[in-house]
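Novice: my questions concern the predicted model and sequence given below.
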Amino acid sequence: EYDYVFDVDVTEGAPPLKLPFNLGENPYFAAQRFIDQNELSQAFLGEIVKFIDKNTDQQALAHASASTYIDPYTGAGRYTGASPSALPTQQAVPKATGGYSGSGNLDPYTRSTAAAVSSISSTGVLPLRTPLGFKQLNPAPVKAKIQDLADAQGGLSGEELSKLNSLIDQAAAAKANPALDVGLLEKLLQAWPPASRFPLLDVYRIAASLPTTSSTERVIGIALDAASWSTSWPAQPAEVKERDTNSMLALRALANLLTRKDASQQLLQIAPSLIEPLSGSHFSKLGKNGRIAFATLTMNLAVAVNEAGAAQPWATDLLRLFVEILSAEDGDSEVVYRSMMGLGTLIRSSSSVQLSVETL
């Protein structure tokens, strides 16, 4: 299901192409997917974006929210909605005949909304100036799942449960006041077994987008440790499933971390501590949504480099990471698109003078 499904007349006498679009979605991403799926000329990207903007109140859509928690194991509370496609060729005159279908814009898997890149102008896409995030959460199902898993771990005290529920409510409402105390959440992430961590990581994903009591470096370490990132990829199907889920949520948490200007600036000083574990790691083992989260994280790193203004000494390491992603990706257009957007942003940044292709 989608919020909008437009009928687009491309060729006279041919059936119209369907242009699905979700509330709050970046119109450039939707337009690019439409071009890719329908093998249209890249020259029409701007025209497609204008069509979407004209037929949807994009200023309002940027603030649209949709949230329902999906339990990655049971499927309970499953989110609706998710990936768009489509628009016109040379003689095409886009004609909107579709209507509002009621579904929210949700990112695949956890089905959380990715923030729109609102700073992209009609005169050019690159460099990106606004990072993308995964920031929607429905507190009630998360609390219920954590309660169930806590009982299996021996339970939480009344004070701990109250404190954790308060944190979840604040994170979901994007209220830090002035900083979220994530001490208990981090303690549980370190203590609970991998199979039980995913709802905690889902909360940490949202918390990472807000000021917290933990340093940027600690958030990186906690997220990667919770995903068992430094250990070999498992072979057993059940363990693969839990690792993929935890990794995807951890990568989304780190992508969200980079949506915070303060954390983004701090990360410039410690970026190698993040890029090093990502390089030559588990990208190819991840499922589609994990790879999209990985590509989004690297894209956000490129945005941070560009916004920094000054050249960054680790820019070539980030370049290597983009090359690794694009070499390993086996055809998912969203992964490729986000990686290419990040790569283009890196090349357009002040750090481009330091990029060394010879070291790749």
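Specialist: Thanks, I have it. Numbering: from 1, shown residues only.

Novice: now do residue 163 against residue 224, distance only.
Specialist: Separation of residue 163 from residue 224 (Cβ to Cβ, to the nearest Å) stands at 24 Å. C-beta coordinates here come from the backbone N, C-alpha and C atoms, glycine included.

Novice: same thing with residue 349?
Specialist: Taking Cβ to Cβ, one finds residue 349 at 25 Å from residue 224.

Novice: just want to know which of the two has more residues nearby.
Specialist: residue 349 (26 against 21; other Cβ atoms under 10 Å).

Novice: okay, the more buried one: pLDDT?
Specialist: Residue 349 carries a pLDDT score of 90 in this model.

Novice: can you check residue 27 too?
Specialist: At residue 27, pLDDT is 82.

Novice: same question for residue 110.
Specialist: 37.

Novice: mind checking the SS state of residue 24?
Specialist: coil (DSSP: H, G, I helix; E, B strand; the rest coil).

Novice: then residue 233?
Specialist: coil.

Novice: where are the low-confidence patches of the stretch 151-300 of the chain?
Specialist: Within the stretch 151-300 of the chain, no stretch has pLDDT under 70.

Novice: all helices of it, in order?
Specialist: For the stretch 151-300 of the chain, the helices defined by DSSP state H, counting those that start in this stretch cover 158-172, 183-191, 198-207, 216-226, 237-257, 261-270, 272-278, 288-308.

Novice: now for whichever strand or helix holds residue 327, which elements pack on it?
Specialist: For residue 327, the enclosing helix or strand under DSSP states H and E is helix 315-328. Contacts defined by 3 or more Cβ pairs under 8 Å, 6 or more residues apart in numbering; DSSP states H and E place helix 315-328 against helix 272-278, helix 288-308, helix 333-348.

Novice: mind listing what's buried in it?
Specialist: 315-322, 324-325 (16 or more other Cβ atoms under 10 Å).

Novice: tell me which of those residues is nearest to residue 157?
Specialist: residue 321 (42.4 Å; Cβ to Cβ).

Novice: quick check: that closest one touching residue 277?
Specialist: No. Judged on Cβ atoms under 8 Å, residue 321 makes no contact with residue 277 at a distance of 10.9 Å.

Novice: pull the contacting residues for residue 295.
Specialist: When contacts are counted by Cβ atoms under 8 Å, 6 or more residues apart in numbering, residue 295 touches 325, 334-336, 338-339, 342.

Novice: how about a markdown table for those, with distance to residue 142 and pLDDT added?
Specialist: Shown next, in a markdown table, are those (distance: Cβ to Cβ, whole Å; pLDDT from 0 to 100):
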| residue | distance to residue 142 | pLDDT |
| --- | --- | --- |
| 325 | 30 | 94 |
| 334 | 25 | 88 |
| 335 | 27 | 92 |
| 336 | 32 | 92 |
| 338 | 26 | 92 |
| 339 | 30 | 93 |
| 342 | 30 | 93 |
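
Novice: out of those, who's the most crowded?
Specialist: residue 342 (29 neighbours).

Novice: please name the nearest non-neighbouring residue to that one.
Specialist: Distances taken as Cβ to Cβ, 6 or more residues apart in numbering put residue 299 closest to residue 342, at 3.4 Å, once the chain neighbours are dropped.

Novice: for that neighbour, give its distance to residue 143.
Specialist: Distance from residue 299 to residue 143, by Cβ to Cβ: 32 Å.

Novice: so the two - more neighbours on which side?
Specialist: Each of residue 299 and residue 143 has its neighbours counted (other Cβ under 10 Å); residue 299 has more, 28 against 18.

Novice: hang on, the more buried one packs against residue 341?
Specialist: Yes. Judged on Cβ under 8 Å, residue 299 makes contact with residue 341 at a distance of 5.7 Å.

Novice: which neighbours do the two have in common?
Specialist: With Cβ under 8 Å, 6+ apart, residue 299 and residue 341 have common neighbours residue 128.

Novice: compute the number of surrounding residues for residue 36.
Specialist: For residue 36, using other Cβ under 10 Å, the count is 16.

Novice: let's see the helix or strand encompassing it as CSV, backbone CA atoms only.
Specialist: Assigned by DSSP H and E, residue 36 belongs to helix 27-38. Taking Å, rounded to 0.1, in the frame of the first residue of the first chain, the C-alpha atoms of helix 27-38 are listed here in CSV:
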residue,chain,number,x,y,z
PRO,A,27,11.1,12.5,-3.9
TYR,A,28,14.6,12.1,-5.4
PHE,A,29,14.8,8.5,-4.2
ALA,A,30,11.3,7.7,-5.5
ALA,A,31,12.1,9.4,-8.9
GLN,A,32,15.4,7.5,-9.3
ARG,A,33,13.8,4.2,-8.6
PHE,A,34,11.1,4.9,-11.2
ILE,A,35,13.8,5.7,-13.7
ASP,A,36,15.7,2.6,-12.9
GLN,A,37,12.7,0.2,-13.0
ASN,A,38,11.2,1.7,-16.2
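
Novice: check which residues of that helix are buried.
Specialist: Quick answer for helix 27-38 (16+ other Cβ under 10 Å): 27-36, 38.

Novice: how about the secondary structure of residue 20?
Specialist: Under three-state DSSP, residue 20 comes out as strand.

Novice: I'd assumed residue 7 was in contact with it.
Specialist: No. Between residue 20 and residue 7 there is no contact under Cβ under 8 Å: 11.0 Å.

Novice: of these two, give the one with the bigger neighbour count.
Specialist: residue 20 (23 against 14).

Novice: nearest spatial neighbour of the more buried one, skipping sequence neighbours?
Specialist: Closest residue in space to residue 20, ignoring its immediate chain neighbours: residue 2 at 3.9 Å, by Cβ to Cβ, 6+ apart.
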